[in-house]
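Colleague: Turn this into a model:
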Amino acid sequence: MKFAVLSVPDFALHSLRRGEPGLCGRALALVSGEGRRARVTEASAEAQGVAPGLAATLAMSRCPGIVLRPRDPASEVEAQRLLVAAAFTLSPRVESTDGGCCTIDLQGADPARAEALMRLRAAELAGAGLPARIGAGATPLLASYAARRADPVLVVREPRDFLAPLPLSFAGPTPEQEGILRGWGIATLGGLTALAKAEVGRRMGAEGVLLWERAAGEATRVLRHVEPALSFAAQWTYEPPVESIEPLFFKLRRFAERVAFELRGAGFVAEKLSLTLLLEDGGDHRREFRLPEPGADVEGWMRILNGHLAEVRTDARVAGVRLVAAPARPPEKQEGLFDTCLRDPASFWENIERIAAIVGDDRVGTPAPLDTHRPDAFSMGRPAEAVAPAAGPPVHPASGPTLRRFRPPWPVRVTCDAGLPALLEGGRLEGRVRGEVCAALGPWRSAGDWWKPQAWAVETWQVELAAGGLYQLARTDGGWCVEGMLD
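Modeller: Down below sits the predicted model:
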């Protein structure tokens, strides 16, 4: 097994059906020509009584409800890119042979592993809307014969036994050659190769020798290798624009499948996804998703993307969509012996994304202090996937009272006497304590970011109330508040 051929029968038909959910499961036929000259070129299995070459009008009478469509070059290009990307996951040496066909150089690959991968790829492509057949053999031609007989994978280990019963049409004889051979009583490849090559050449010339070599599967050639994808993105448009998000889901999955295959074929995974909705009024809606774990799992991608799209509301209709995957090398890490990790990281991060879609990205995460003198300043960061062991006790234990902050701070009215807080009124203090101040320390003033529009300044006091209780007050441009209790 040195070569493999990845082939999709009725490629143009499956490419069209793959991009339009309304065509799935319906009787469908592709036609060429116009008017009375329109003829069927491909027909789905649901189109009973319809075959290639049949007139379009006759096809409609034989199969009521059949959908007749011309070929869609754009959908075929997209499907071919998916096929080539899948081929690159089997080998780095791939030829895009024809529409719906790729030839793969498997020389040097482990046969058992290669066959297992071929079966896996055939199942994945069938799930992606391209029912592929994969054949493998000693030459590209033999592999192509095997692909035509595969269901869905066929590895030819004994070429003579495999080729013997195949019809003569597999070798592509000319009408004249086929007539001569049938006059000799030869209708299979095995019947032709049973004759000596030299004798066939003596009677049919050089063209007969080439036909004999094709019948024996011996014809070989040099593959025209293509390069793997260098960018991992997909973009498509809607004509007319769509008014709801539901039509996006089907196509988004189809394009995500191709992007994921291209990543895997190039030896990458995605560390984040970028989704842009292009709106009819010229604007757009953009969102970036950092994946829970770098990977190329389409199911995980779609749970995140669909969860976000379910909450999206746009001011105009969606005219197009762009999906971009940021590539990264597959992660290689060893967990710490005493680390406590998430049991199901994927579910955790999907829930985080759903919450962020509702409340906003800036309100979800783990708070971390900012490098500033501004009291209680923090930012929301990405939660850690593993909880490190608890830190040991500090070298110098804390001394003095502990400030227990109120979140949010309690608004309060403060009456001052000689510049010192003397009475607290309103807020949550009212009804609990008498707000008369018997002692006050302060003020401690701090300010910062004076060069920015969001400059800040705060004045802090610590007071003791006559009825009991130590509190910390703060005064800003917005007024007074109780930041917390000291105990």
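
Colleague: ok, residues contacting the helix or strand hosting residue 76?
Modeller: Residue 76 is part of helix 73-88 when elements are defined by DSSP states H and E. Among residues not part of helix 73-88, those counted as contacts by Cβ atoms under 8 Å, 6 or more residues apart in numbering are 6, 8, 11-12, 14-16, 18-19, 94, 96, 99-102, 104, 121, 124-125, 128-130, 132, 226, 228-229, 254-255, 257-258, 261-262, 264-266. The C-beta positions use only the backbone N, C-alpha and C, and glycine is treated the same way.

Colleague: Tell me the helix or strand right after it.
Modeller: With secondary structure assigned by DSSP H and E, helix 73-88 is succeeded by strand 94-98.

Colleague: distance between that next one and the chain's centre?
Modeller: Between the mean C-alpha location of strand 94-98 and the chain-wide mean there is a distance of 24 Å, by Cα atoms, centre = their mean, to the nearest Å.

Colleague: Show me which parts of it are buried, residue by residue.
Modeller: By 16 or more other Cβ atoms under 10 Å, the buried positions in strand 94-98 come out as 94-97.

Colleague: Equivalent analysis for stretch 2-14, please.
Modeller: Residues of stretch 2-14 classed as buried: 2-8, 10-14 (neighbour count, 16+ other Cβ under 10 Å).

Colleague: and what of stretch 452-469?
Modeller: 456, 458, 460-463, 465.

Colleague: Endpoints of it, how far apart?
Modeller: Criterion Cα to Cα, to the nearest Å; first-to-last residue distance in stretch 452-469 is 38 Å.

Colleague: what does that stretch contact?
Modeller: Outside of stretch 452-469, the residues within contact range by Cβ under 8 Å, 6+ apart are 374-375, 421, 424, 433-449, 470-477, 483, 485-486.

Colleague: Check stretch 26-43 too.
Modeller: Here stretch 26-43 makes contact (Cβ under 8 Å, 6+ apart) with 10, 12-13, 16-17, 44, 46-48, 50-57, 59, 63, 65-71.

Colleague: Filter the residues you listed down to the buried ones and hand me the PyMOL line.
Modeller: Applied in PyMOL, the following selects the buried portion of the contacts of stretch 26-43 according to 16+ other Cβ under 10 Å:
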select buried, resi 10+12+13+16+17+44+47+50+54+56+59+63+66+67+68+71
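
Colleague: the helices in the chain, which residues?
Modeller: Remark: helices assigned in the chain by DSSP state H are 11-19, 56-62, 73-88, 111-127, 140-149, 159-163, 175-183, 189-193, 197-215, 246-265, 298-309, 345-359.

Colleague: Any chance of these in JSON lines with distance to residue 401 as columns?
Modeller: As requested, the helices of the chain are arranged in JSON lines below (distance: least, Cβ to Cβ, whole Å):
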{"stretch": "helix 11-19", "distance to residue 401": "68"}
{"stretch": "helix 56-62", "distance to residue 401": "88"}
{"stretch": "helix 73-88", "distance to residue 401": "64"}
{"stretch": "helix 111-127", "distance to residue 401": "64"}
{"stretch": "helix 140-149", "distance to residue 401": "80"}
{"stretch": "helix 159-163", "distance to residue 401": "88"}
{"stretch": "helix 175-183", "distance to residue 401": "102"}
{"stretch": "helix 189-193", "distance to residue 401": "95"}
{"stretch": "helix 197-215", "distance to residue 401": "93"}
{"stretch": "helix 246-265", "distance to residue 401": "56"}
{"stretch": "helix 298-309", "distance to residue 401": "46"}
{"stretch": "helix 345-359", "distance to residue 401": "35"}
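
Colleague: nearest to residue 151, of the buried residues of stretch 452-469?
Modeller: Of all the buried residues of stretch 452-469, the one with the least separation from residue 151 (Cβ to Cβ) is residue 456, at 71.5 Å.

Colleague: what number of residues lie near the closest residue to residue 423 other than its chain neighbours?
Modeller: Nearest in space to residue 423, with sequence neighbours left out and distances taken as Cβ to Cβ, 6 or more residues apart in numbering, is residue 415 at 4.1 Å. Counted with other Cβ atoms under 10 Å, the neighbours of residue 415 add up to 12.

Colleague: just residue 299 next, same as before
Modeller: Residue 299 has 10 neighbouring residues, counting by other Cβ under 10 Å.

Colleague: ok so, going back, pipe the buried residues of stretch 2-14 into JSON lines and attach pLDDT and distance to residue 392 per row.
Modeller: Converted to JSON lines, the buried residues of stretch 2-14 look like this (pLDDT from 0 to 100; distance: Cβ to Cβ, whole Å):
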{"residue": "2", "pLDDT": "91", "distance to residue 392": "62"}
{"residue": "3", "pLDDT": "95", "distance to residue 392": "62"}
{"residue": "4", "pLDDT": "95", "distance to residue 392": "59"}
{"residue": "5", "pLDDT": "96", "distance to residue 392": "63"}
{"residue": "6", "pLDDT": "96", "distance to residue 392": "59"}
{"residue": "7", "pLDDT": "95", "distance to residue 392": "64"}
{"residue": "8", "pLDDT": "95", "distance to residue 392": "62"}
{"residue": "10", "pLDDT": "92", "distance to residue 392": "68"}
{"residue": "11", "pLDDT": "94", "distance to residue 392": "65"}
{"residue": "12", "pLDDT": "93", "distance to residue 392": "68"}
{"residue": "13", "pLDDT": "93", "distance to residue 392": "68"}
{"residue": "14", "pLDDT": "93", "distance to residue 392": "63"}
